[in-house]
Structures are given as C-alpha cells and as structure tokens.
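Undergrad: take this sequence and fold it.
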Amino acid sequence: MASSCPVKPGRPISLQSLRSSDLFKNGSSIRVVGRLVSYNIETALAVVGGEGDATLVVNTRYLRDISFLVGRLYQFIGELVIPHNSNLQASLLARVGRNVDGMDLHLYHQSLLLLRQFEDELARSRPS
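TA: A predicted model of the protein is given here:
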C-alpha cells in the first residue's frame, strides 16, 4: 500500500546555518553532519555539534545497528521538530544515521556553500 505522504529527501545544511535558514521550521527534512558531543542510551538522544557552538539534539530511537561513540563524526537525515514552547530546543527525529569519520569537513562545508549558490541562481533564473 502506497503512503499518502512520501518521504522527502533530507536537504543538506550545516549546523551553524540551520537556525537562520528557511529550513528551520517544523517538519523540514534535513541532513546534518556533526561530532557526537553526548549520547544517552536510555532516552536515545544524541547531541551533535558543529564548528563553533552550534549543536542539535538528535532523537535516534528509530535507528538500528549503529554504535555511538563520543567524538566521532555522524551524519543524520530526518525531520526537524520545533516545540511550541520556545524555551525548548529544536531536535531532529532521525530516520537515517551513519558514522562518517574521515569525511573532509572543510570540503563538505565548501560543497554546501556551492549548493546554496547554485540553488539561489536557479531560483533567480526561473520565470516568475
């Protein structure tokens, strides 16, 4: 039976630019990369951090066969959850997660910038 709500692809975004992005809304399907800062096996909540002080709580309850080690680099794809209470932190309900140790973060961030430039140029070139 086909689902009436297909899974959307996770749009790549850096943790640093997430809050100022148009993707920062409840239900956005995003892809992030960050170092594991902490992980609670009982709650299945991970905290990943980027360069600087940007962090994101990741709910990993749907992930299987993945070992979480603090300090390692992980990529997560899922839906952003922004609570109605503004005092609570936004989180990502992950549907995909993997270890990406060895990824060149500098090159990855450069590719994100180029992707955003391309998307902006494409949007400007489309007829209104």
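Undergrad: would you confirm that residue 25 contacts residue 82?
TA: Yes. Residue 25 is within contact range of residue 82, at 6.8 Å (criterion: CB atoms under 8 Å). For the C-beta atoms, the positions are set from N, CA and C on the backbone; glycine is no exception.
Undergrad: so these two - more neighbours on which side?
TA: Set residue 25 next to residue 82 and count neighbours by other CB atoms under 10 Å: residue 82 wins out with 15 against 10.
Undergrad: and the pLDDT for that one?
TA: You'll see residue 82 listed with a pLDDT of 92.
Undergrad: quick one: average confidence on the helix or strand hosting residue 95?
TA: In the assignment (DSSP states H and E), residue 95 maps to strand 91-99. Averaging pLDDT along strand 91-99 gives 97.
Undergrad: export the helix or strand just after that strand to PDB, keeping only CA atoms.
TA: Next in sequence after strand 91-99, counting helices and strands by DSSP H and E, comes helix 105-125. Extracted in PDB, the C-alpha atoms of helix 105-125 (Å, rounded to 0.1, in the frame of the first residue of the first chain):
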ATOM      1  CA  LEU A 105      34.600  18.700   6.800                       C
ATOM      2  CA  HIS A 106      36.200  21.700   5.100                       C
ATOM      3  CA  LEU A 107      35.400  20.300   1.700                       C
ATOM      4  CA  TYR A 108      31.900  19.300   2.800                       C
ATOM      5  CA  HIS A 109      31.200  22.900   4.000                       C
ATOM      6  CA  GLN A 110      32.500  24.300   0.700                       C
ATOM      7  CA  SER A 111      30.200  22.000  -1.200                       C
ATOM      8  CA  LEU A 112      27.200  23.200   0.900                       C
ATOM      9  CA  LEU A 113      28.100  26.800   0.100                       C
ATOM     10  CA  LEU A 114      28.300  26.000  -3.700                       C
ATOM     11  CA  LEU A 115      25.000  24.100  -3.500                       C
ATOM     12  CA  ARG A 116      23.300  27.200  -1.900                       C
ATOM     13  CA  GLN A 117      24.800  29.500  -4.500                       C
ATOM     14  CA  PHE A 118      23.500  27.200  -7.300                       C
ATOM     15  CA  GLU A 119      20.000  27.000  -5.800                       C
ATOM     16  CA  ASP A 120      19.900  30.800  -5.400                       C
ATOM     17  CA  GLU A 121      21.000  31.300  -9.000                       C
ATOM     18  CA  LEU A 122      18.400  28.700 -10.200                       C
ATOM     19  CA  ALA A 123      15.600  30.400  -8.300                       C
ATOM     20  CA  ARG A 124      16.600  33.800  -9.800                       C
ATOM     21  CA  SER A 125      16.700  32.400 -13.300                       C
END
